[in-house]
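Chemist: my questions concern the predicted model and sequence given below.
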Amino acid sequence: MEAAAAKLISRDRITDAAAATLFGTDSVSRQIPEKFTRTDEVRAAGAVVSEDEAFELPVVDMAKLLDPELSASETAKLGSACREWGFFQLTGHGVDEAAIQRMKESALEFFMLPLESKNAIAFRGDDKFQGFGHHFSGGPSAGKLDWAECVLLLTQPVQGRKTELWPANPPSFRDALDRYSVEMTDLVRRLLRFMAIDLGVGQEALLGAFFSGDNAEKGQSVAIHHYPPCRQPEKVVGIPPHTDGLGLTVLLHADDTPGLQIKRGGRWFPVRPLPGAFVVNVGDILDVLTNGAYGSAEHRVVPHAERGRTTVVIFQDASVDGLVAPLPEILDGDEAPARYNSIGKLEYTKGNFIALGQGTRFLDSLNR
Ligand SMILES: O=C(O)CCC(=O)C(=O)O
Ligand SMILES: [Fe+2]
């Protein structure tokens with residue numbers, strides 16, 4: 001993260017007062033303090049699809065993608081999920097179970113520590129990009145707090161890590177995240193190969209946008225979120241509506257609590273997490289790379305009334321020769337002109353942070 005861009009984010013450490021609201025033993029019965037009350041914002045965000053309405057968030061099976069007999073039809077399913085929803089659940093992914101288990105346990109154990117221990121890595125100084133505290137929330141919610149705590153860290157490239165901000169407690173954490181990060185790199189590579197087939201572009205082109213070159217702006221980061229239970233979930237926000245600003249996102253549920261919702265056709269669709277599956281979504285940069293063929297979808301988190309929820313979210317960054325731009329292979333003169341203006345990666349990152357602070361979507365400003 002370039003220092004000047006990192007300065008554009010403002011994230012706060014969690015105070016004793018906020019912690020008493022979020023985790024206090026009597027927090028469930030108490031009134032929600034003003035700082036967390038966002039009833040109007042929640043109401044204005046639109047209706048939620050009801051529990052019993054039948055709908056199917058696409059499920060993609062990696063084992064089928066890899067099976068020569070089933071690969072073509074499963075690749076088509078992957079493609080339609082990315083085009084129609086920008087989201088899917090991924091089963092049969094082959095990621096090492098022990099690595100997943102250790103990551104889940106380390107995340108859950110970290111959040112169980114007293115605030116003082118967690119604040120050992122609290123956001124500080126100029127660089128509010130990495131550390132522990134309140135997730136950034138600006139725009140219409142400026143001044144209000146999310147019903148959540150989170151750890152944000154750069155995980156790749158290894159030489160870019162600020163290891164001193166990686167939790168030393170629980171002792172398993174650093175090793176678990178290191179291992180998990182490598183597994184996620186492999187998983188993203190595998191997925192991109194099939195996305196390239198679906199898009200009809202060379203695998204080198206798409207993989208190259210995510211992994212080639214020594215551009216330090218291209219890497220991987222993690223957000224580990226904890227949403228404590230909230231008796232009046234309709235009054236608070238776990239994470240406000242947003243699209244993910246990087247390339248591809250892979251989310252792991254550390255428990256089986258639902259809460260993630262995806263906006264489609266003006267309504268919020270709750271994700272019903274499948275045991276053992278990842279939730280994968282298209283980020284704004286993949287949307288641009290594919291010239292809008294794959295769409296990054298708005299999503300948010302609503303806390304659960306009785307159960308806490310913990311997620312481990314990996315973001316894989318991408319760019320083409322230092323630019324956020326449609327892949328040249330996807331464009332075709334007047335037949336398929338660019339739908340987005342190209343922009344330097346650093347300028348993109350800064351623009352994204354400023355837009356987040358204003359509650360707008362930077363991607364919209366790149367539309368041609
Ligand atoms: O925790 C979740 O379910 C979603 C988190 C998220 O949207 C994000 O970190 O960008
Ligand atoms: Fe997100």
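Modeler: Cool, got the structure. Residues are numbered from 1 along each chain as shown. Ligands and ions are numbered 1, 2, ... in the order given.
Chemist: what about Phe210, how many residues nearby?
Modeler: By the criterion of other C-beta atoms under 10 Å, Phe210 has 23 neighbours. Using the backbone N, CA and C atoms, a C-beta is placed for each residue, glycine as well.
Chemist: actually Glu51, sorry about that
Modeler: Counted with other C-beta under 10 Å, Glu51 comes out at 7.
Chemist: I'd guess it is in a helix, am I close?
Modeler: No: counting by DSSP: H, G, I helix; E, B strand; the rest coil, Glu51 is not found in a helix; it is coil.
Chemist: can you give me the end-to-end span of stretch 313-323?
Modeler: Stretch 313-323 has an end-to-end distance of 24 Å (C-alpha to C-alpha, to the nearest Å).
Chemist: that stretch near ligand 1 anywhere?
Modeler: Yes: using C-beta under 6 Å from any ligand atom, stretch 313-323 reaches ligand 1 at Val313.
Chemist: give the buried residues for that stretch.
Modeler: Neighbour counts over stretch 313-323 (16 or more other C-beta atoms under 10 Å) mark Val313, Ile314, Phe315, Gln316, Asp317, Ala318, Ser319, Val320 as buried.
Chemist: just the residues you listed: which are in strands?
Modeler: By the criterion of DSSP state E, membership of the buried residues of stretch 313-323 in strands covers Val313, Ile314, Phe315, Gln316.
Chemist: and which of these is nearest to ligand 1?
Modeler: Sorting those by how near they are to ligand 1, with C-beta to the nearest ligand atom, puts Val313 at the top with 4.3 Å.
Chemist: for the closest one, name its beta-bridge partners.
Modeler: Applying DSSP bridges to Val313 yields these beta-bridge partners: Ala223, Leu251.
Chemist: Ala338: neighbour count?
Modeler: Around Ala338 there are 16 other residues, counting by other C-beta under 10 Å.
Chemist: for the stretch 251-368 of the chain, what spans make up the helices?
Modeler: For the stretch 251-368 of the chain, the helices defined by DSSP state H, counting those that start in this stretch occupy 284-289, 345-358.
Chemist: likewise the stretch 101-250 of the chain?
Modeler: Using DSSP H, counting those that start in this stretch, the helices of the stretch 101-250 of the chain run over 115-118, 173-199, 203-211.
Chemist: quick one: closest of those to Val237.
Modeler: helix 115-118 (20.8 Å; C-beta to C-beta).
Chemist: so what's Ala325 up against?
Modeler: Contacts for Ala325 (C-beta atoms under 8 Å, 6 or more residues apart in numbering) come out as Val288, Leu289, Ala338, Tyr340, Ser342, Ile343.
Chemist: which among the residues you listed gets closest to ligand 1?
Modeler: Val288 (17.6 Å).
Chemist: what's the per-residue pLDDT of that closest one here?
Modeler: The confidence metric pLDDT takes the value 98 at Val288.
Chemist: would you mind measuring from it to Ser319?
Modeler: Taking C-beta to C-beta, to the nearest Å as the measure, Val288 falls 10 Å from Ser319.
Chemist: neighbours of the spatially closest residue to Arg309 that is not a sequence neighbour, how many?
Modeler: What sits nearest to Arg309 in space, not counting adjacent residues and going by C-beta to C-beta, 6 or more residues apart in numbering, is Thr257, at 3.8 Å. Residues lying near Thr257 (other C-beta under 10 Å) number 18.
Chemist: how about the strands in this protein?
Modeler: Using DSSP E, strands in the chain cover 59-61, 87-91, 131-133, 149-156, 220-227, 239-242, 248-253, 260-264, 267-270, 278-282, 299-301, 309-316, 323-324, 343-344.
Chemist: can I get the buried residues of stretch 313-323 in JSON lines with pLDDT and distance to Ala19?
Modeler: Below are the buried residues of stretch 313-323 laid out as JSON lines (pLDDT from 0 to 100; distance: C-beta to C-beta, whole Å):
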{"residue": "Val313", "pLDDT": "98", "distance to Ala19": "22"}
{"residue": "Ile314", "pLDDT": "98", "distance to Ala19": "27"}
{"residue": "Phe315", "pLDDT": "98", "distance to Ala19": "26"}
{"residue": "Gln316", "pLDDT": "98", "distance to Ala19": "32"}
{"residue": "Asp317", "pLDDT": "97", "distance to Ala19": "32"}
{"residue": "Ala318", "pLDDT": "97", "distance to Ala19": "36"}
{"residue": "Ser319", "pLDDT": "96", "distance to Ala19": "38"}
{"residue": "Val320", "pLDDT": "94", "distance to Ala19": "43"}
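Chemist: quick revisit: please identify the deepest-packed of the helices of the stretch 251-368 of the chain.
Modeler: Of all the helices of the stretch 251-368 of the chain, helix 284-289 has the most neighbours on average by mean count of other C-beta atoms under 10 Å, namely a mean of 28.
Chemist: wait, does that helix contact ligand 1?
Modeler: No: between helix 284-289 and ligand 1, judged by C-beta under 6 Å from any ligand atom, nothing touches; the nearest distance is 11.4 Å.
Chemist: I am finished for the moment; much appreciated.
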